[in-house]
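**Q** from the sequence below, what's the structure:
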Amino acid sequence: MSWTDERVEQLKAMWNDGKSASQIAKALGGVTRNAVIGKVHRLGLSNRNLGGSTAPAEDKPAPATTVDPPSPAVEPSDPPASQEDEPATAREAPPRPVPMSGPQPPAAPLSEVSAEALANLAEVEKKARKLSLMQLTERTCKWPIGDPATEEFWFCGLPAMAGKPYCEAHVAVAFQPMSSRRDRRAGSR
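**A** Okay, the predicted model is just below:
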């Protein structure tokens, strides 16, 4: 669906008549409520005056960190059932944490790594070259060690196994044979 001039004019007229975004979407057909809300916002129609005050909408300072999309005002004659268009959980949801970008090592949970492998990791970390991100090459182990938010963070830097991003010790932790994963999955059912 594209926003033709005719459809935009219909949207403006219905919006100014006080119709909800859901009602406009149904009348136009082929668009969702969110598409109507987005178009209203882009057209600058989002501040509807329902006769309460005569002050222009521009006098109100906009909040600096507005995340929620604009919600259409409801006419006083509309029944309260129109609130079903916007569930309360969508308005009250806390901001989601932003996941770290880039590949993460597919490490097994430490409870499933053998004690021998953990002891070996401690020895490997003592021998690590402690490289920074800029010092890594395709031939160095890229296993992160420490907390990235502190000065005590580096990458292993030992020679990487051919075709793998990690050294032999870190490959043993990160990559497990398919059969052992199947066995663990079957045991947890």
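**Q** in this structure Y166 contacts A174, no?
**A** Yes: assessed by CB atoms under 8 Å, Y166 is found in contact with A174 at 5.9 Å. In this view, the C-beta of every residue, glycine as well, is placed from N, C-alpha and C.
**Q** of those two, who's got more company?
**A** Neighbours were tallied for Y166 and for A174 using other CB atoms under 10 Å; the higher tally belongs to Y166 (21 against 15).
**Q** residue boundaries of the helices in the chain?
**A** Here the chain has its helices, by DSSP state H, at 5-16, 21-28, 33-43, 88-92, 115-127, 168-174, 178-187.
**Q** any idea of the mean pLDDT for stretch 127-137?
**A** Averaging pLDDT along stretch 127-137 gives 92.
**Q** now do H170 against G157, distance only.
**A** 11 Å (CB to CB, to the nearest Å).
**Q** ok, now I24?
**A** Taking CB to CB, one finds I24 at 59 Å from G157.
**Q** phi, psi of the spatially closest residue to R129 that is not a sequence neighbour?
**A** Spatial nearest neighbour of R129, excluding adjacent residues (CB to CB, 6 or more residues apart in numbering): G157 at 3.1 Å. Reported as degrees, to the nearest 10, the phi and psi values for G157 are phi 80, psi 0.
**Q** how about G157, what does it touch?
**A** Shown in contact with G157 (CB atoms under 8 Å, 6 or more residues apart in numbering): 128-131, 135-136, 140-141.
**Q** and which of the residues you listed is nearest D17?
**A** Ranked by distance to D17 (CB to CB), those are led by L136 at 61.4 Å.
**Q** right, and K130 touches E151 too?
**A** No: applying CB under 8 Å as the test, K130 and E151 come out as separate, 11.3 Å apart.
**Q** in terms of neighbours, single out the busier of those two.
**A** K130 (15 against 7).
**Q** returning to what we had before: out of the contacts of G157, which are buried?
**A** Neighbour-count burial (16 or more other CB atoms under 10 Å) applied to the contacts of G157 gives 128, 131, 136, 140-141.
**Q** circling back: the helices of the chain: which one's closest to G146?
**A** Here helix 115-127 is closest among those (CB to CB), at 9.3 Å.
**Q** now for the closest one, which elements pack on it?
**A** helix 168-174 (3 or more CB pairs under 8 Å, 6 or more residues apart in numbering; DSSP states H and E).
**Q** now do the end-to-end distance for stretch 17-25.
**A** 14 Å (CA to CA, to the nearest Å).
**Q** go on, stretch 128-145?
**A** 9 Å.
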